[in-house]
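K.L.:
Here's a sequence, model it:
(one chain, ligands or ions: 1)
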Amino acid sequence: MDEAVFECPKCGDLLDVVYDWSRASLPKTLKDFEAKWSEQADPLAFSGVWRFRELLPFAAREHVITVGEGRTILQRADRVAPFAGMDAGRLYLQYEGLNPSGSFKDNGMTAAFTHAHLVGAKRAACASTGNTSAAVALYSAVDGRVPAVVLVGSGKIAYGKLAQALDYGVKVLQVQGDFDVCMKRVKEVAKELKIYLMNSVNPFRLEGQKTIMYRILEGLGWDVPDWVVVPGGNLGNSSAFGKAFRELLDVGLIKRAPRLAVINAAGADTLYRLVNEEKVTWNGGKVDRAKVAAFYKQMEGENRRAHTLASAIEINRPVNLYKCLRALEWTRGVVEKVTDQEILDAKAQVGAGGFGCEPASAASVAGVRKLRAAGVIGKTDRVVCVLTGHALKDPHATVAYHTKKDGELAAEYGGYGVTSAAFANRPVAVADDLAKIVEAIQA
Ligand code: F0G
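P.N.:
Residues are numbered from 1 along each chain as shown. Presented below is the predicted three-dimensional model:
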């Protein structure tokens with residue numbers, strides 16, 4: 001607890017936060033958490049993360065660094081349901097774009113900054129596809145005690161996210177390479193300079209991200225959905241979600257867990273290939289590591305780099321791979337992949353349903369559509385998609401989809417396999433002329 005060590009000194013694998021629940025003061029039922037709603041003058045009750053602190057009891061109150069994150073809600077999405085092949089009332093969107101930095105990362109970052117404060121860290125660092133860096137920058141700037149440096153792949157992060165990191169005043173290193181390169185380097189840097197690492201290799205990040213699942217249960221009146229669907233990048237979320245449900249089962253606060261569906265972008269599909277093609281499983285902890293190593297060796301040999309418009313999940317070496325396999329086993333989970341075309345079409349439908357999101361987030365809805373078509377998800381199942389990041393994070397993708405004609409779109413995004421915009425909401429060019437404007441409105 002009082003060290004910032006995130007790798008097992010013996011085997012080099014990731015560490016896990018494990019509680020002795022017999023010593024924790026847990027509520028009798030999940031419904032008891034609702035009492036916190038009446039204590040909102042207390043920042044720890046106001047936060048959508050720390051109002052569940054009995055389920056992540058690793059820090060004393062004086063260490064908690066919070067900006068009121070996690071006040072996000074579960075939205076019933078009847079206008080998006082038909083696109084996903086679901087009946088009305090069966091599709092929900094957990095809108096994490098509503099967080100202070102505009103993505104789910106704040107759930108994890110409040111927990112990691114709290115631990116950083118607890119261990120007296122003097123500096124923080126992360127590698128990022130954009131959202132982690134925005135969240136690190138926000139918490140670093142708000143608290144002031146833990147200055148941060150963020151490593152991003154040059155030209156690899158969406159504009160909104162870069163804007164945030166710059167605006168919040170942290171040091172931004174634009175590394176010549178992609179996320180996988182940045183991740184490798186930031187681990188080396190953290191060791192060399194003894195900097196506190198804010199990526200999801202940090203198990204305290206995942207503790208905070210568990211609370212997204214508690215809020216989903218809360219949004220359903222403490223009922224358990226049939227499916228939770230989440231995009232997979234570094235696989236921190238899926239790992240955290242599995243852990244959340246495993247623990248709730250262990251302490252008897254729920255009776256069954258939902259099934260997890262993790263959705264890869266087709267151009268960054270390591271998890272999909274390992275699980276569905278190589279048949280790698282958690283296997284009660286005995287993962288076939290030789291198979292995974294051989295997979296990565298071949299990937300390296302072919303120089304296969306992640307390539308997707310959903311830049312947030314453009315990752316080929318997910319650091320939480322093993323924890324995610326464990327979560328899949330715990331939840332009878334499945335893995336699917338979707339193309340960038342499917343992602344952008346789903347994104348337009350999510351937007352038209354009133355809840356904008358960035359491309360990576362829309363992979364969840366595209367994934368439901370595909371899993372529904374394959375009969376894996378049933379029409380009347382209750383399904384929750386986690387919308388991980390806000391639409392304003394990546395305005396470029398949105399504007400291109402809605403404004404460019406098919407030929408132009410193919411010229412810009414053809415390399416990603418995006419050639420058409422079936423759900424484009426095209427702006428109408430009109431002269432400064434009342435009659436013409438009226439005509440355009442009535443058309
Ligand atoms: N969705 C968004 C919007 C993200 O920013 C990320 C990850 C993911 C999904 C994938 O989540 O890693 O838990 O599987 N973004 C990281 C970053 C990698 O650096 O911002 P995951």
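
K.L.:
C126: what secondary structure?
P.N.:
The assignment at C126 comes out as strand when based on DSSP: H, G, I helix; E, B strand; the rest coil.

K.L.:
How many residues are close by it?
P.N.:
Other residues lying near C126 total 33 when counted by other C-beta atoms under 10 Å. Just so you know, the C-beta spots here come from the backbone N, C-alpha and C atoms, and that holds for glycine as well.

K.L.:
Helix or strand with the lowest mean pLDDT in this protein?
P.N.:
helix 406-413 (a mean of 90; mean pLDDT, DSSP states H and E).

K.L.:
Determine how far that helix lies from the middle of the whole chain.
P.N.:
Distance of helix 406-413 from its chain centroid, counting by C-alpha atoms, centre = their mean, to the nearest Å, is 28 Å.

K.L.:
In contact with the residue nearest to the spatial centre of the chain: list those residues for me.
P.N.:
The residue lying closest to the centre of the chain (C-alpha atoms, centre = their mean) is T388, at 4.7 Å. For T388, the contacting residues are 96-97, 103-104, 131, 230-231, 237, 312, 357-358, 360-361, 364, by C-beta atoms under 8 Å, 6 or more residues apart in numbering.

K.L.:
most surrounded residue in those?
P.N.:
S361 (34 neighbours).

K.L.:
where's that residue relative to L74, distance?
P.N.:
15 Å (C-beta to C-beta, to the nearest Å).

K.L.:
Repeat that for D87.
P.N.:
For D87, the distance to L74 - C-beta to C-beta - is 17 Å.

K.L.:
out of those two, which sits in the busier spot?
P.N.:
When D87 and L74 are compared for neighbours, L74 comes out ahead with 17 against 14, by other C-beta under 10 Å.

K.L.:
give me phi/psi at the more buried one?
P.N.:
Here is the backbone geometry of L74 (degrees, to the nearest 10): phi -90, psi 120.

K.L.:
what's the closest non-adjacent residue to it?
P.N.:
The spatial neighbour of L74 that comes closest, neighbours along the chain excluded (C-beta to C-beta, 6 or more residues apart in numbering), is G219 at 2.7 Å.

K.L.:
G242: neighbour count?
P.N.:
28.

K.L.:
meant to ask about F204
P.N.:
Residues lying near F204 (other C-beta under 10 Å) number 28.

K.L.:
Name the secondary structure element that contains it.
P.N.:
helix 203-209 (DSSP states H and E).

K.L.:
about what we covered before: just the residues contacting whichever helix or strand comes after the least confident helix or strand of the chain, thanks.
P.N.:
Going down the chain from helix 406-413, the next helix or strand is helix 434-442, by DSSP H and E. With contact meaning C-beta under 8 Å, 6+ apart, helix 434-442 is reached by 428, 430.

K.L.:
C-alpha coordinates for helix 434-442, PDB please?
P.N.:
Output in PDB follows, covering the C-alpha atoms of helix 434-442 (Å, rounded to 0.1, in the frame of the first residue of the first chain):
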ATOM      1  CA  LEU A 434     -34.500  35.000 -46.300                       C
ATOM      2  CA  ALA A 435     -36.500  33.300 -49.000                       C
ATOM      3  CA  LYS A 436     -33.700  30.900 -49.700                       C
ATOM      4  CA  ILE A 437     -33.200  30.200 -45.900                       C
ATOM      5  CA  VAL A 438     -37.000  29.600 -45.500                       C
ATOM      6  CA  GLU A 439     -37.000  27.300 -48.500                       C
ATOM      7  CA  ALA A 440     -34.000  25.400 -47.100                       C
ATOM      8  CA  ILE A 441     -35.800  24.900 -43.800                       C
ATOM      9  CA  GLN A 442     -39.000  23.700 -45.400                       C
END
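
K.L.:
can you give me the mean pLDDT across that helix?
P.N.:
Rounded to a whole number, the mean pLDDT of helix 434-442 is 98.

K.L.:
now do stretch 358-378
P.N.:
Regarding stretch 358-378, the rounded mean pLDDT is 98.

K.L.:
now do stretch 164-175
P.N.:
Mean pLDDT, computed over stretch 164-175, is 97.

K.L.:
Could you do stretch 268-277 as well?
P.N.:
98.

K.L.:
Can you tell me what sits against that stretch?
P.N.:
232-233, 235, 262, 264, 280-281, 291-292, 295, 299, 306-308, 310, 313-318, 321, 324-325, 328, 335-337.

K.L.:
which ones among those are found in helices?
P.N.:
Secondary structure assignment by DSSP state H places 291-292, 295, 299, 321, 324-325, 328 of the contacts of stretch 268-277 in helices.

K.L.:
Tabulate those (a markdown table), appending pLDDT.
P.N.:
Output for the ones in helices among the contacts of stretch 268-277, formatted as a markdown table (pLDDT from 0 to 100):
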| residue | pLDDT |
| --- | --- |
| K291 | 98 |
| V292 | 98 |
| F295 | 98 |
| M299 | 97 |
| L321 | 98 |
| C324 | 98 |
| L325 | 98 |
| L328 | 98 |
